[in-house]
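Novice: Structure, please.
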Amino acid sequence: NTFTSLMYNTEESDVIADIQASLNTYVEEKTAAFLMGTLDLDKDWDAFLAELKVIGIDTALEINQGVYDRTFK
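Specialist: Just a heads-up that it's a prediction; the model follows:
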């Protein structure tokens, strides 16, 4: 199979870039905290997921799905 890159318009690209930068930083920080034990998976996981939503993960998923649908459907 050949992988085809998704083609974002300017607005989609700007939004995705902003969200992705914030998500990358947050996930890297929290991954380290979970691995080092300063955060507990049982106690802190729901807060981690909630913050992903605040950062905009749902918006990023919607944009990616829209671009995918536009490209392949």
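Novice: how much space between the most centrally placed residue in the chain and residue 24?
Specialist: By C-alpha atoms, centre = their mean, the chain has its centre lying nearest to residue 57, at 4.5 Å. Using C-beta to C-beta, to the nearest Å, one obtains 12 Å as the distance from residue 57 to residue 24. For the C-beta atoms, the positions are set from N, CA and C on the backbone; glycine is no exception.
Novice: got it, and residue 38?
Specialist: 19 Å.
Novice: Residue 41 now?
Specialist: For residue 41 relative to residue 24 (C-beta to C-beta), the value is 20 Å.
Novice: ditto for residue 51
Specialist: 13 Å.
Novice: Can you show me the strands along this structure?
Specialist: Ranges of strands in the chain, per DSSP state E: none exist.
Novice: still on that earlier bit, compute the number of surrounding residues for the spatially closest residue to the residue nearest to the centre of the chain that is not a sequence neighbour.
Specialist: Closest residue to residue 57 apart from its sequence neighbours, by C-beta to C-beta, 6 or more residues apart in numbering: residue 23 at 6.4 Å. Burial of residue 23 is recorded as 16 neighbouring residues (other C-beta atoms under 10 Å).
Novice: which helices and strands sit right next to the lengthiest helix in the chain?
Specialist: Secondary structure assigned by DSSP state H gives helix 10-36 as the longest helix of the chain. Contacting helix 10-36 under the criterion 3 or more C-beta pairs under 8 Å, 6 or more residues apart in numbering; DSSP states H and E are the following elements: helix 41-55, helix 57-72.
Novice: Tell me which of residue 51 and residue 24 has more neighbours.
Specialist: residue 51 (15 against 10).
Novice: Next up, the contacts around that one.
Specialist: Residue 51 makes contact with residue 26 under the criterion C-beta atoms under 8 Å, 6 or more residues apart in numbering.
Novice: The chain should start at 718 in everything you say after this.
Specialist: Okay, residue one is now 718; in that scheme the one you just asked about reads as residue 768.
Novice: pLDDT value on the closest residue to residue 783 other than its chain neighbours, please?
Specialist: Distances taken as C-beta to C-beta, 6+ apart place residue 729 nearest to residue 783, at 7.7 Å, with adjacent residues excluded. pLDDT recorded at residue 729 is 95.
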